[in-house]
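# here is the input, now give the coordinates:
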Amino acid sequence: MDKKYVIALDQGTTSSRAVLIDRQGRMVDCVQRSYQQIYPQPGWVEHNPQEILLSQLGALTELVSRHSLSYENVSAIGIDNQRETTMVWDPTTGEPIANAIVWQCRRTAGMVEELCGSPETRAMIQAKTGLLPDAYFSASKIRWLLENVDGARERAEAGELVFGTVDTWLLWVLSGGLVHATDVTNASRTMLYNIHEGHWDQVLLDLFDIPAQMMPQVLPSASVFGETSYPGIPAGIPLAGVAGDQQAALFGQCCFEAGQAKSTYGTGCFLLMHTGATPAVSENNLVTTIVASPPNVGHTEYALEGSVFVAGALIQWLRDGLGLLRSAEETEWMARSVPDTGGVYIVPAFTGLGAPYWKSDARGLIYGLTRGTTTEHIARAALEALAYQCHDLVRAMEADSRVALQALKVDGGASRNDFLLQFQADVLRRPICRPRNIETTSLGAAYLAGLTSGFWSGTEELRALDASGAEFLPQMDPKRAEGLLDGWRGAICRCM
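Coordinates of the predicted model:
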């Protein structure tokens, strides 16, 4: 094969990136464009779909121009995306009916409680979707748009509107409006998809009063969804791999088998453990979700997942909201400049607590302040909060899977922070493995696209590319670690 590259479109919560990957799995180049976060009311989060599109297409066209990319040298384009974020648009005009409702948004918490509050309904939803009923997922967001945008319900029932997560929106635009589809990983995050039977579930669509004709076609992650047909982008390049960002990161970390796990420290913190062809049922408030599988696996594969709503966003808040930092990188030396937090704990429940607590009305706190508390103590407490939240997820996951993790693979922007990873190893009592390339989300999208298009021969070739980076081993005295965890549990209790 004479193709030289695959392209990954990494559409995240705060920015869109176009990444060029070569046959050795190396990031040749990356173009990133940020876009606006919209907060209409406390607890509400929105994105402008056109701004998402402009940022993603702008990054892609710049990448194409920089490297004179064409159909001849690009094997395929893969997409990974922020999950659950919900859009509704008119497929005739291409106009969204409103801003996208972002996964972090809590506006529909009351609706979910009203519709799904009974134990029988909650059990039914978990049995069908693997999810715990929550405003985090797409179903209630779709219903909110249909009920609150003038004429939306009538238009949807007449077949004049379609729904999509961000991957669906990008596929639709990049294909020139010919493809209205999503992959199984994104479908499994809507709270409308039956993960056992593999289809949109009519009982759930009826529960949320969503017309079935709005829903996209669902395909395996390693599929050819269509091909490019958009001005300024070379035509005919296969759109050949799609996955939600966290499943893409799991794939990019080469976690192809049951018992392997990764944690991504991004805007939120997301920990997934591959469980193979058997969907594990959580007794600790985790969710069961579908993972991205290599081509031609022939069956659905699953993972246990725990989601922390606020991780890197906490550091952003210290920087942008409080002005305590000039950059996220400063937190490492600030944390090392003090021996401990001075008893300070931060619980970043800005939009409620996710797994394993699922307390939607919890709100954040900084606990243990004294006159001697400094910005360095607060910065250290913020980093430790990320590690504590991940610790809680791992312990819940080990209990549900009955498998003790041998090591945890990590990625995402905050995984560059050596203090965080050492503290994570200390409180978790497990080795923490950081790959050489921490951009495993875009790498996973590239791997899916490249396997589907034949750019790479199979998962063994990908494993050979998976160069190890750094390993962090536990160093803290276990009694001290347990004492710190006791303090964390106390702060969680006060938060709730």
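# hey, let's count contacts and neighbours off CA atoms from now on
Noted.
# contacts for stretch 344-356, please.
Judged by Cα atoms under 8 Å, 6 or more residues apart in numbering, the contacts made with stretch 344-356 from elsewhere in the structure are 43, 104-106, 284-286, 306-311, 314, 358-369, 373, 377-378, 381-382, 385, 392-393, 396, 487-488, 491-492, 495.
# stretch 357-368 now?
Taking Cα under 8 Å, 6+ apart as the criterion, the residues outside stretch 357-368 that touch it are 106, 109, 285, 342-354, 491, 495-496.
# of the residues you listed, buried ones?
Neighbour counting by 16 or more other Cα atoms under 10 Å classes 106, 109, 285, 342, 344-354, 491, 495 among those as buried.
# which members of those residues occur in helices, if any?
In this view, the buried ones among the contacts of stretch 357-368 that belong to helices under DSSP state H are 109, 491, 495.
# the first one reaches residue 138, doesn't it?
Think residue 109. No. With contact taken as Cα atoms under 8 Å, residue 109 and residue 138 are classed as non-touching, separated by 11.8 Å.
# list the buried residues of stretch 315-330.
315-316, 318-319, 324-325, 328.
# residue 38 - how many residues pack around it?
For residue 38, the neighbour count with other Cα atoms under 10 Å is 15.
# who's in contact with the residue nearest to it when sequence neighbours are not counted?
For residue 38, ignoring the flanking residues on the chain, the nearest one in space by Cα to Cα, 6 or more residues apart in numbering is residue 46 at 4.9 Å. Listed by Cα under 8 Å, 6+ apart, the contact set of residue 46 reads 37-40, 99-102, 105.
# check the contacts of stretch 344-356 for burial and list the buried ones.
Among those, those scoring as buried are 104-106, 284-286, 306-311, 314, 358-360, 362, 364-365, 367, 377-378, 381-382, 385, 392-393, 396, 487-488, 491-492, 495 (criterion: 16+ other Cα under 10 Å).
# okay, and which of those map to helices?
Assignment to helices by DSSP H places the following of these there: 314, 377-378, 381-382, 385, 392-393, 396, 487-488, 491-492, 495.
# biggest separation within those, which pair?
377 and 396 (28.4 Å; Cα to Cα).
# which of the buried residues of stretch 315-330 fall in helices?
Among those, the residues falling in helices (DSSP H) are 315-316.
# now the buried residues of stretch 315-330 in TSV, with distance to residue 265 and pLDDT?
Rendered in TSV, the data for the buried residues of stretch 315-330 read as follows (distance: Cα to Cα, whole Å; pLDDT from 0 to 100):
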residue	distance to residue 265	pLDDT
315	11	92
316	13	90
318	16	93
319	17	94
324	21	92
325	19	90
328	13	88
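# if I look at residue 68, what pLDDT would I see?
Listed pLDDT for residue 68 reads 88.
# what number of residues lie near it?
Applying the criterion other Cα under 10 Å, we find 10 residues in the vicinity of residue 68.
# against which helices or strands is the worst-scoring helix or strand of the chain on mean pLDDT packed?
The weakest-scoring helix or strand in the chain, judged by mean pLDDT, DSSP states H and E, is strand 468-472 (a mean of 84). Using 3 or more Cα pairs under 8 Å, 6 or more residues apart in numbering; DSSP states H and E as the contact criterion, the secondary-structure elements in contact with strand 468-472 are helix 418-428, strand 432-435.
# and those as a markdown table, adding mean neighbour count and distance to residue 403?
A markdown table is the format used below for these (neighbours: other Cα atoms under 10 Å; distance: least, Cα to Cα, whole Å):
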| stretch | mean neighbour count | distance to residue 403 |
| --- | --- | --- |
| helix 418-428 | 22 | 15 |
| strand 432-435 | 22 | 17 |
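# ranking those by mean pLDDT, which is last?
strand 432-435 (a mean of 90).
# helix or strand next in line after it, which one?
Tracing the chain C-terminally past strand 432-435 and defining elements by DSSP states H and E, one meets helix 440-453 next.
# can you tell me which of the ones in helices among the buried ones among the contacts of stretch 357-368 is nearest residue 182?
When these are compared for distance to residue 182, the smallest value, 25.2 Å, is given by residue 109; criterion: Cα to Cα.
# name the SS class of the closest residue to residue 60 other than its chain neighbours, please.
Computed as Cα to Cα, 6+ apart, the closest residue to residue 60 that is not its neighbour in sequence is residue 18, at 5.2 Å. Secondary structure state of residue 18, per DSSP: H, G, I helix; E, B strand; the rest coil, is strand.
# so who does residue 18 touch?
Contacts here follow Cα under 8 Å, 6+ apart; on that basis residue 18 touches 7-10, 30-32, 56, 59-60, 63.
# likewise for residue 387?
Applying Cα under 8 Å, 6+ apart, we find residue 387 in contact with 420-421, 423-424, 427.
# what helix or strand is it located in?
In this structure, residue 387 is located in helix 375-401 according to DSSP H and E.
# any idea how far residue 448 is from residue 250?
When Cα to Cα, to the nearest Å is applied, the distance between residue 250 and residue 448 equals 11 Å.
# between those two, tell me which one has more neighbours.
Regarding residue 250 and residue 448, a neighbour count based on other Cα under 10 Å identifies residue 448 as having more, with 35 against 30.
# that one reaches residue 224, doesn't it?
No. With contacts defined as Cα under 8 Å, residue 448 does not count as touching residue 224, sitting 10.2 Å away.
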